[in-house]
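1. when you get a sec, could you give me coordinates for this:
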Amino acid sequence: MNRAIIAASLFSFAAFSVEAAPNGYFDLTPGITLETGDTWIEAGQKYRLYGVQSCLRGTSYTLKNGKKQDCGAASMAVLAAYIRDTRPVCAPVASARDLTYVMCYANVAGKALDLGTILISTGYAFASLNAKGLPYNPAYAVAEQQARKAKSGLWAFPDVQHPSILISKAANAKGAGK
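-> Modelled structure (predicted):
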């Protein structure tokens, strides 16, 4: 899908009424099956937030007291809380064979805000990177930089690693082993 269209859709969310899902959108409600902090299954269909990368399940960060916590579980818990508290509305922006990428907006204090930006700016998700290491959504990269600088959410823990970098390292290691 054209990036300009996707970027334009990010900034047009505020024009929608937050009372009901506009045509082409669907409600994201509690009761879905979360797979990660950016992916879920509803009615047999898998959805993922476009341009958002949650922490990987099984990776960890360390609390000040030395205890390790599952980073992916933290991302997933925050997404679940936003779904429960803000009742997001989503629209498909691209699809693959078994996955639909969506952009969602959430009702926060009567305003429609992009769910990806909320998750990333609070430090519980990251800007997803393409194979060249560039963000799919530049606005998300800006939100991520601000969250990192402010040590928001998971960025408060110095051993948190960007999941897209971990994915890239794993892909490179796999490719080197061929």
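2. using CSV, write out every CA atom in the longest strand along the chain.
-> In the chain, with assignment by DSSP state E, the single longest strand is strand 100-108. Output in CSV follows, covering the C-alpha atoms of strand 100-108 (Å, rounded to 0.1, in the frame of the first residue of the first chain):
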residue,chain,number,x,y,z
THR,A,100,-4.1,-8.5,7.7
TYR,A,101,-2.2,-5.4,8.6
VAL,A,102,-4.3,-2.7,10.3
MET,A,103,-4.1,0.8,11.7
CYS,A,104,-6.2,1.5,14.7
TYR,A,105,-7.3,4.6,16.6
ALA,A,106,-8.3,4.7,20.2
ASN,A,107,-10.7,7.0,22.0
VAL,A,108,-8.7,8.9,24.6
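3. in its sheet, which strands sit next to it, and in what direction?
-> Within its sheet, and counting by DSSP bridges, strand 100-108 is paired with strand 45-49 (parallel), strand 89-95 (antiparallel), strand 111-114 (antiparallel).
4. which residues of this protein fall in strands?
-> Ranges of strands in the chain, per DSSP E, are 26-27, 33-34, 39-42, 45-49, 52-53, 60-62, 68-70, 89-95, 100-108, 111-114, 126-127.
5. check what pLDDT the residue most central in space within the chain gets.
-> Centroid check for the chain by Cα atoms, centre = their mean gives Val52 as the closest residue, at 3.4 Å. For Val52, the pLDDT comes out at 97.
6. mind listing the helices for this protein?
-> Assigned by DSSP state H, the chain shows helices spanning 3-12, 71-86, 115-121, 138-150, 163-176.
7. beta partners of the residue nearest to Ser164 when sequence neighbours are not counted?
-> Spatial nearest neighbour of Ser164, excluding adjacent residues (Cβ to Cβ, 6 or more residues apart in numbering): Leu129 at 4.0 Å. Heads up, the C-betas are built off the backbone N, CA and C, glycines and all. Under DSSP bridges, the beta-bridge partners of Leu129 are Pro135.
8. wait, Leu129 sits on Tyr140?
-> No - taking contacts as Cβ atoms under 8 Å, Leu129 lies outside contact range of Tyr140: 10.0 Å.
9. and the two? which has more neighbours close in?
-> Neighbours were tallied for Leu129 and for Tyr140 using other Cβ atoms under 10 Å; the higher tally belongs to Tyr140 (27 against 20).
10. wait, what's in contact with the more buried one?
-> The neighbourhood of Tyr140, defined by Cβ atoms under 8 Å, 6 or more residues apart in numbering, consists of Gly51, Val52, Gly116, Thr117, Ile120, Ala127, Ser128.
11. and the third one, how many residues sit next to it?
-> Gly116 is flanked by 28 other residues according to other Cβ under 10 Å.
12. which strand residues bridge the residue nearest to it when sequence neighbours are not counted?
-> Of all residues not flanking Gly116 in the chain, Val52 sits nearest, at 4.5 Å (Cβ to Cβ, 6+ apart). Beta-bridge pairing for Val52 (DSSP bridges): Ala127.
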